[in-house]
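K.L.:
sequence-free structure coming up:
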């Protein structure tokens, strides 16, 4: 009996379609990505049914960790620069231009004003390792009030400036209360609270409203057809 | 010297120099490797869900208490947020002395939501649709921020337009809370459900 010889097939496969898909995904992720903010505290935000997006620009953010430490940040680098040079001249901090720039490119800070030179000596990318005690907010020494006043000053009456509070699930209300009080003292009554999205529980008023809205939209499209 | 092979330029075939046809296929494996590495990187670092925000409007401080809007006892529901996600509530604003405080939770069924819906319906029924429910939310100092946001969210969920975040907790409210802790009584208005 002659031996049946199976033809040896090449193990190489055509990878082109896979490469196509891979690059498609890569492009998608590169375009849609927005890096996780590098916060000095981990904050797990509570959930709400609100679908309003966080404003893209002109925001002043107050972060409150679950241990009650308060941090402050602006989204605009130039405003941050201006804010820090105002602090520098007002409090005689003796900051160099480099330190002010380093503040502007860095993330949220949470130290008493007197400690700012010490903190800004640390390069911006290593600043999260620096132990920050939080901005003092007690009524005897409310430095958060100063941060807010200077922020309002450098924005000189910009009506689009929005104050955003990002606090942790387990933050005690006591701290939040003090922050709200400080904002209220500066006549900042319209605030945004950062939340995660959660689904609307069925059977409630908001749920019926949503159903009516989507039902109404369907009805109108049906009419057009 | 014999090792060195020299090709003589004139030595080959002269007619029709055929260049060897190279395959256009290249090995894509390294490229795929890099592509998937990058995909993994972007997938892990990306935050697909943009953060959402909830609006909070704080009332302007009023110096003169008489300028404040008066809330009818019959339309008010006062909710106190305690520690460990405890919810206490009573009907009215505490102007009448015979208040009874009840204790509940954030549970979807039989929690504070049912209380709000129930009170909402009874306010509309009793006033013939003229009054609406006014909720007063008083978080204690050791209440978690999560509870405060959940409570505000509960207002949005149930379509309560009038609500206020109030800081001051009266002594009688503390007493009532202690009472509710020691011997909790079920809310009689909820028994119909």
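P.N.:
That came through fine. Since the structure is predicted, the reported quantities are computational estimates derived from the model, not experimental observations. Residues are numbered from 1 along each chain as shown, chains lettered A, B, ... in the order given.
K.L.:
Mind listing residues that contact whichever helix or strand residue B:149 is part of?
P.N.:
Applying DSSP states H and E as the criterion places residue B:149 in helix B:145-157. With C-beta atoms under 8 Å, 6 or more residues apart in numbering or on different chains as the test, helix B:145-157 has contacts from A:46-50, A:64, A:167-173, A:176, A:193, A:195, A:200-201, A:204-207, B:54, B:56, B:79, B:81, B:85, B:87, B:106, B:112-113, B:116, B:135, B:137, B:139, B:160, B:163, B:165. (Glycine included, C-beta is placed from N, CA and C.)
K.L.:
which SS state does residue B:109 fall under?
P.N.:
For residue B:109, the assignment made with DSSP: H, G, I helix; E, B strand; the rest coil gives coil.
K.L.:
per-residue pLDDT, it?
P.N.:
We have a pLDDT of 79 for residue B:109.
K.L.:
now do residue B:106
P.N.:
Confidence score, pLDDT, at residue B:106: 83.
K.L.:
Check whether it really touches residue B:82, as I assumed.
P.N.:
No. Using C-beta atoms under 8 Å, residue B:106 makes no contact with residue B:82, being 11.9 Å away.
K.L.:
Who has more neighbours out of these two?
P.N.:
Neighbours were counted for residue B:106 and for residue B:82 using other C-beta atoms under 10 Å in any protein chain shown; residue B:82 has more, 20 against 16.
K.L.:
Quick one: residues contacting that one.
P.N.:
B:88, B:140, B:142-143, B:177.
K.L.:
by contact count, what packs against the strand or helix carrying residue A:98?
P.N.:
When elements are assigned from DSSP H and E, residue A:98 belongs to helix A:97-105. For helix A:97-105, the elements it packs on are helix A:77-91, helix A:116-120, judged by 3 or more C-beta pairs under 8 Å, 6 or more residues apart in numbering or on different chains; DSSP states H and E.
K.L.:
On the three-state scheme, residue B:54 is what?
P.N.:
Residue B:54 - assigned by three-state DSSP - is strand.
K.L.:
Which strand residues bridge it?
P.N.:
For residue B:54, the beta-bridge partners under DSSP bridges are residue A:193.
K.L.:
ok so, going back, using PyMOL, define a selection of the buried residues within the contacts of helix B:145-157.
P.N.:
Of the contacts of helix B:145-157, the buried ones go into a single PyMOL selection, burial set by 16 or more other C-beta atoms under 10 Å in any protein chain shown:
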select buried, (chain A and resi 46+47+48+49+50+64+167+168+169+171+172+173+176+193+195+200+204+205+206+207) or (chain B and resi 54+56+79+81+87+106+112+113+116+135+137+139+160+163+165)
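K.L.:
Mind checking which of the contacts of helix B:145-157 land in helices?
P.N.:
Judged by DSSP state H, helices contain the following of those: A:173, A:176, A:205-207, B:112-113, B:116.
K.L.:
Mind listing what's buried along the least confident helix or strand in chain B by mean pLDDT?
P.N.:
Counting by mean pLDDT, DSSP states H and E, the weakest-scoring helix or strand in chain B turns out to be helix B:171-182, with a mean of 81. For helix B:171-182, burial by neighbour count (16+ other C-beta under 10 Å) applies to B:173, B:176-177, B:180.
K.L.:
would JSON lines of these with distance to residue A:154 be doable?
P.N.:
Below are these laid out as JSON lines (distance: C-beta to C-beta, whole Å):
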{"residue": "B:173", "distance to residue A:154": "42"}
{"residue": "B:176", "distance to residue A:154": "48"}
{"residue": "B:177", "distance to residue A:154": "45"}
{"residue": "B:180", "distance to residue A:154": "49"}
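K.L.:
Please, where are all the strands along chain B?
P.N.:
Here chain B has its strands, by DSSP state E, at B:52-57, B:76-81, B:87-91, B:102-104, B:134-139, B:162-165.
K.L.:
Show me where chain A dips below the pLDDT cut-off.
P.N.:
Across chain A, the ranges flagged by pLDDT under 70 are A:1-2, A:35-37, A:216-225.
K.L.:
rerun at 50
P.N.:
A:219-225 (pLDDT under 50).
K.L.:
how much space is there between the closest residue to residue A:106 other than its chain neighbours and chain B?
P.N.:
Nearest non-adjacent residue to residue A:106, counting by C-beta to C-beta, 6 or more residues apart in numbering or on different chains: residue A:124, 3.7 Å away. For residue A:124, the distance to chain B equals 19 Å [C-beta to the nearest C-beta, to the nearest Å].
K.L.:
Now do the least confident helix or strand of chain B: which elements does it pack against?
P.N.:
For helix B:171-182, the elements it packs on are strand B:76-81, strand B:87-91, strand B:102-104, judged by 3+ C-beta pairs under 8 Å, 6+ apart.
K.L.:
Export those to a markdown table and append columns for distance to residue A:11.
P.N.:
Formatted as a markdown table, the helices and strands packed on helix B:171-182 follow (distance: least, C-beta to C-beta, whole Å):
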| stretch | distance to residue A:11 |
| --- | --- |
| strand B:76-81 | 66 |
| strand B:87-91 | 65 |
| strand B:102-104 | 67 |
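K.L.:
Throw the ones you listed into CSV and include distance to chain A, thanks.
P.N.:
Supplementary listing: the helices and strands packed on helix B:171-182 in CSV, determined by distance: least, C-beta to the nearest C-beta, whole Å:
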stretch, distance to chain A
strand B:76-81, 7
strand B:87-91, 13
strand B:102-104, 16
